[in-house]
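**Q** Here's a sequence, model it:
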Amino acid sequence: MTTAVAHSRRMLVALTEAQHRGPTDTWTAARDRAAKAAGIERSYAARIWNRWQDMKDVSGEALTRLSVAYVALCEANEARERRQIAEGERIALEKAHEIASATTHSSGRERLGSQAASAAAAAPASLR
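**A** Reported below is the predicted structural model:
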């Protein structure tokens, strides 16, 4: 087994895990979908999947196509992570703004109440 074979196997496993649809799906069907998405023959994907420890080498075309599909998967995951982080930051800013607004409004009311009380105290007794 060469490094290229082991690398192909790792990429195929990652692509297969991404294609797996849950408990009602089979790993073979997910592997076949991953192979189709990567652009390699299902039979070659099955060979890598089942016989990777005995394989001496993997075709350059299969390695390249698996690499391209794997990089695309990684980039999609990173983009999803960036979107989730941005959404979390947006929510945190909105909450901070709501808290700041609530604090500002309540302190404004308190200020108005204390101003009204001091004004009432300062008013002549005849106006009270």
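**Q** what residue ranges in the protein score low on pLDDT?
**A** For the chain, applying pLDDT under 70 flags the ranges 1, 105-128.
**Q** residue boundaries of the helices in it?
**A** 3-19, 27-38, 42-51, 60-122 (DSSP state H).
**Q** Let's have these in TSV, adding mean neighbour count.
**A** For every residue, glycine as well, the C-beta is placed using N, CA and C. Formatted as TSV, the helices of the chain follow (neighbours: other C-beta atoms under 10 Å):
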stretch	mean neighbour count
helix 3-19	18
helix 27-38	18
helix 42-51	16
helix 60-122	11
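**Q** Nearest spatial neighbour of residue 68, chain-adjacent residues omitted?
**A** The shortest distance from residue 68 to any non-neighbouring residue, by C-beta to C-beta, 6 or more residues apart in numbering, is to residue 38 (7.5 Å).
**Q** cool, and residue 44?
**A** Spatial nearest neighbour of residue 44, excluding adjacent residues (C-beta to C-beta, 6+ apart): residue 62 at 5.6 Å.
**Q** List the contacts of that neighbour.
**A** By C-beta atoms under 8 Å, 6 or more residues apart in numbering, the residues touching residue 62 are 8, 40, 44, 48.
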